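> Pasting the sequence and the predicted model now:
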Amino acid sequence: MTGYVRLDARGRVGAVHGQGRPCSVSYSAPVPRPGNPDIRRRLLASGLELFYARGVNATGVKEIADRAHVPKAAFYTYYESKEAFVVAVLEQYWLELQDRSGSLLLGRGRPVRRLQRYFAVIADEHERHTFMRGCLIGNLALEVSATSASVHEKLRGIVCAWEHELAAVFTEGTPQRRREVAGLIIEAWEGAVLRARIDRTRAPYDRFSRITLPQLVGLVGTS
């Protein structure tokens, strides 16, 4: 189904008709298979850690299952394929990101200050891992997006929803201008993430917050 991308009540990304940002993204929310929620949680946590450390292509189903202390055969009780599992890990990553920092985009305060606080929380998380992990969205876009239609579709949906959330912070400018600036903010942020991984330092995030972000926010009210 092609329509407008938004988050549902649980923070999941889906394409629906109605209010939201037009993105032309087709997405069907996966139907969870029955099973033990704790095992599902352990599998997702295992996949997230291994995908960060080794990437998707270098990680096998057995490694994911072993790290989660689950028999390999049981993996397929929860996910029909490794590709479906990667999509589920991305969805869980997005949900955790929203739980951790999404509320900072709401409430009072100038848009630039809210955005600075939002990205600072994400930067803090990256710093706790010595800047080696990066952003899973960017990582998988580079590694898997070209070879997996379902992963590419999920990534597009997440980025579109992310752009929509950032654009909602602004009160000035036209809707189109807000979306354009939100897109620029994401693109600049992902560049800062890449540089931080290379330099293993927070400096790119500090420059993004101090210089890039205020300049981009200033574009919202211009034509």
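Arrived safely. Since the model is a prediction, treat every value here as computed from it, not as a measurement.

> can you give me the mean pLDDT across stretch 146-164?
Averaged across stretch 146-164, pLDDT comes to 95.

> Apart from its neighbours in sequence, what residue is nearest the residue nearest the centre of the chain?
Centroid-nearest residue in the chain: Trp94, 4.5 Å away (criterion: CA atoms, centre = their mean). Leaving aside its sequence neighbours, Trp94 sits nearest to Ile158 (CB to CB, 6 or more residues apart in numbering; 5.1 Å). All C-beta spots, glycine's among them, are computed from the backbone N, C-alpha and C.

> quick one: what helix or strand has that neighbour in it?
helix 149-167 (DSSP states H and E).

> now for the helix or strand following that helix, which elements pack on it?
Per DSSP H and E, the first helix or strand lying C-terminal to helix 149-167 is helix 175-199. Here helix 175-199 touches helix 111-128, helix 136-143, helix 149-167, helix 203-207, helix 213-217, going by 3 or more CB pairs under 8 Å, 6 or more residues apart in numbering; DSSP states H and E.

> Can you lay out these as TSV showing distance to Ile64?
Formatted as TSV, these follow (distance: least, CB to CB, whole Å):
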stretch	distance to Ile64
helix 111-128	22
helix 136-143	15
helix 149-167	16
helix 203-207	30
helix 213-217	36
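
> Most tightly packed of the ones you listed?
helix 149-167 (a mean of 21; mean count of other CB atoms under 10 Å).

> Tell me how far it lies from the chain's centre.
Helix 149-167 sits 8 Å away from the centroid of its parent chain (CA atoms, centre = their mean, to the nearest Å).

> Now do that helix against helix 175-199: the angle between them, please.
Angle, helix 149-167 to helix 175-199, by axes from the mean of the first three to the mean of the last three CA atoms, to 10 degrees: 110 degrees.

> Run the angle between helix 149-167 and helix 111-128 for me.
140 degrees.

> Off-centre distance for stretch 46-55?
Relative to the centre of its chain, stretch 46-55 is centred 15 Å away, using CA atoms, centre = their mean.

> Kindly report the same for stretch 148-165.
Offset of stretch 148-165 from its chain centre (CA atoms, centre = their mean): 8 Å.

> Need the CA coordinates for it. PDB is fine.
Below are the C-alpha coordinates for stretch 148-165, written out as PDB (Å, rounded to 0.1, in the frame of the first residue of the first chain):
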ATOM      1  CA  SER A 148      17.300  -6.600   0.000                       C
ATOM      2  CA  ALA A 149      14.100  -5.000  -1.100                       C
ATOM      3  CA  SER A 150      12.400  -5.500   2.300                       C
ATOM      4  CA  VAL A 151      15.300  -4.000   4.200                       C
ATOM      5  CA  HIS A 152      15.400  -1.100   1.800                       C
ATOM      6  CA  GLU A 153      11.700  -0.600   2.100                       C
ATOM      7  CA  LYS A 154      12.000  -0.600   5.900                       C
ATOM      8  CA  LEU A 155      14.900   1.900   5.900                       C
ATOM      9  CA  ARG A 156      12.900   4.300   3.600                       C
ATOM     10  CA  GLY A 157       9.900   4.100   5.900                       C
ATOM     11  CA  ILE A 158      12.000   4.800   9.000                       C
ATOM     12  CA  VAL A 159      13.900   7.700   7.500                       C
ATOM     13  CA  CYS A 160      10.600   9.100   6.200                       C
ATOM     14  CA  ALA A 161       9.000   8.900   9.600                       C
ATOM     15  CA  TRP A 162      12.200  10.400  11.200                       C
ATOM     16  CA  GLU A 163      12.000  13.300   8.800                       C
ATOM     17  CA  HIS A 164       8.300  13.800   9.600                       C
ATOM     18  CA  GLU A 165       9.000  13.900  13.400                       C
END
